[in-house]
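Participant: the following block contains a protein sequence and its predicted model.
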Amino acid sequence: NHCSVKEALIILSSNMTASYFQQQPSLVIQSRKLEIKKVQSIQHHALCNYLKSRKIPLSIAKQYCKEVWYRNNEKTFFALGLKNQFSGWELRNKYYKTSTTPKTSSYFNNGYENLIIVEGMFDLLSLAVLLNKDFNKHDFIVLNSVAFVKRIVLLLKDYTDIKLYLDNDISGDKATEYLLNTFPSTIDG
């Protein structure tokens, strides 16, 4: 079908049901490059409802994310967007999760000596809800993929307190172990 490995895996995935493909035809065939059309403050009711279903207040989401409209296969879509250090976007909506290039981590340098590291956009937003006011006393790194864990090492050297909130899966555990061994000031949260 002249598609990428990712596209082929989506098509061939035995975990997907026929009804899921019928509901989400955009998942079956993807173009190789998404084109960002518009970036604005989060306001679309579908995104607001998605945040509400995930128990994330709109006020918290607006601190870190934008509403991003993008074009793919000559169709326009919208999603919550988290900008990364190279101006690429992590994109999420109720039905789809993707990213633009270049892909890397997102870094929020607020000038604190305390750092929180999470894997994904909703990890960041959920932690902001759970930690409430204490959350804002930190800098943040969203890996956007544990594959970027070694890329962030230079950012960590000046922090006195580093808290990890990575996924409890094999890749998250390996990234946690690597950071705990590399930086003695790191705590597994």
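Facilitator: Perfect, I can see it now. Numbering: from 1, shown residues only.

Participant: could you use CA atoms for every contact and neighbour count after this?
Facilitator: Fine.

Participant: ok, residues contacting the longest strand seen in the chain?
Facilitator: Ranked by residue count and defined by DSSP state E, the top strand of the chain is strand 75-83. With Cα atoms under 8 Å, 6 or more residues apart in numbering as the test, strand 75-83 has contacts from 42, 47, 64-71, 89-93, 106, 121.

Participant: kindly report the same for stretch 46-63.
Facilitator: 41-42, 79-80, 93-94, 125-126, 128-129.

Participant: just the buried ones from these?
Facilitator: Buried members of the contacts of stretch 46-63, counted by 16 or more other Cα atoms under 10 Å: 42, 79-80, 93, 125-126, 128-129.

Participant: please enumerate the strands of this protein.
Facilitator: 35-40, 66-72, 75-83, 89-92, 97-99, 106-108, 114-118, 139-142, 161-165, 186-188.

Participant: could those strands go into JSON lines alongside mean pLDDT and distance to V5?
Facilitator: Converted to JSON lines, the strands of the chain look like this (pLDDT from 0 to 100; distance: least, Cα to Cα, whole Å):
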{"stretch": "strand 35-40", "mean pLDDT": "95", "distance to V5": "20"}
{"stretch": "strand 66-72", "mean pLDDT": "95", "distance to V5": "17"}
{"stretch": "strand 75-83", "mean pLDDT": "95", "distance to V5": "22"}
{"stretch": "strand 89-92", "mean pLDDT": "96", "distance to V5": "19"}
{"stretch": "strand 97-99", "mean pLDDT": "93", "distance to V5": "15"}
{"stretch": "strand 106-108", "mean pLDDT": "95", "distance to V5": "25"}
{"stretch": "strand 114-118", "mean pLDDT": "95", "distance to V5": "27"}
{"stretch": "strand 139-142", "mean pLDDT": "95", "distance to V5": "25"}
{"stretch": "strand 161-165", "mean pLDDT": "94", "distance to V5": "30"}
{"stretch": "strand 186-188", "mean pLDDT": "93", "distance to V5": "34"}
